[in-house]
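> let's see this in three dimensions:
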Amino acid sequence: MENFKKFTDFDFNIENNGWVNPIGLKQIKKYIKAINKCFDKEQNNFIDLVYYIYELNGLFKDYDQIAFGRVYTKSNKEYTFDDIMQGFGFDRTQVFRFLKTYDKFTVIGNNKPELVSYIRDFSKSKIFELLTVDEKQLEKDISNGVLRSDMSVKQIREYVKNYKALET
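Numbers count the residues shown, from 1 in each chain. Down below sits the predicted model:
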């Protein structure tokens, strides 16, 4: 589902769709909207995950909250932040990407975390690929159409590779 994106061009012309029952057209619109909501939920779940991992990491780094970066269960088992992340199945590389995504692409709006507007339509795998690109460059390239959310991960990797080559 790395190429999952919103479908926004569903203002269908009833007159030009004479063979389509208007009720059927309404159903098509209904299902498109529902699938778009699924995309939004997936993005919201992703940014919530990024936010909570960032906040949890912050607690483990704050000596006043958790001394020595360790907590213990009632049975005296020791856990660090890394141990907890591994318990969720996240390795250090994945956690680094989550934390970097928070630092680079997260804003707090309406008291909740959100992706910055220019990157909202990109899937999480595409966002991870773009972590090494300067934000201003990303904004510029997205607004100019050089970089689009409908590009495949492979195409985005190529974009990043070209960006890095130009950078040096």
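
> quick one, what contacts the residue nearest in space to the middle of the chain?
Geometric centre of the chain, nearest residue: K124, 3.9 Å, by C-alpha atoms, centre = their mean. Residues in contact with K124 (C-beta atoms under 8 Å, 6 or more residues apart in numbering) are 46, 101. The way it works is simple: take the backbone N, C-alpha and C, and place the C-beta from them, glycine included.

> could you point out which element follows the helix ranked longest in the chain?
Identified as the longest helix of the chain according to DSSP state H is helix 22-61. Per DSSP states H and E, helix 22-61 leads on to strand 71-72 as the next helix or strand towards the C-terminus.

> D141 contacts R148, correct?
No: in this structure D141 lies outside contact range of R148 using C-beta atoms under 8 Å: 9.2 Å.

> those two: which has the busier surroundings?
Using other C-beta atoms under 10 Å, the more surrounded residue of D141 and R148 is D141, with 18 against 15.

> residue ranges in this structure under the pLDDT threshold?
1-3, 5, 9-23 (pLDDT under 70).

> how distant is the longest helix of the chain from the center of its chain?
9 Å (C-alpha atoms, centre = their mean, to the nearest Å).

> which helices and strands sit right next to the one helix or strand K104 maps to?
For K104, the element it lies in under DSSP H and E is helix 92-105. Helices and strands touching helix 92-105, by 3 or more C-beta pairs under 8 Å, 6 or more residues apart in numbering; DSSP states H and E, are helix 22-61, helix 81-87, helix 124-129.

> what's the closest of the ones you listed to S117?
helix 22-61 (11.9 Å; C-beta to C-beta).

> buried ones in the closest one?
32, 39, 43, 46-47, 49-51, 53-54, 57, 60 (16 or more other C-beta atoms under 10 Å).

> ok, now stretch 80-95?
Using 16+ other C-beta under 10 Å as the test for burial, stretch 80-95 gives 81, 84-85, 90, 95.

> and the residues you listed as CSV, adding distance to L25?
Formatted as CSV, the buried residues of stretch 80-95 follow (distance: C-beta to C-beta, whole Å):
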residue, distance to L25
F81, 52
I84, 49
M85, 47
F90, 44
V95, 46
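
> which one of the residues you listed is nearest I28?
F90 (38.6 Å).

> hang on, the earlier thing: got the angle between the longest helix of the chain and helix 92-105?
Angle, helix 22-61 to helix 92-105, by axes from the mean of the first three to the mean of the last three C-alpha atoms, to 10 degrees: 110 degrees.
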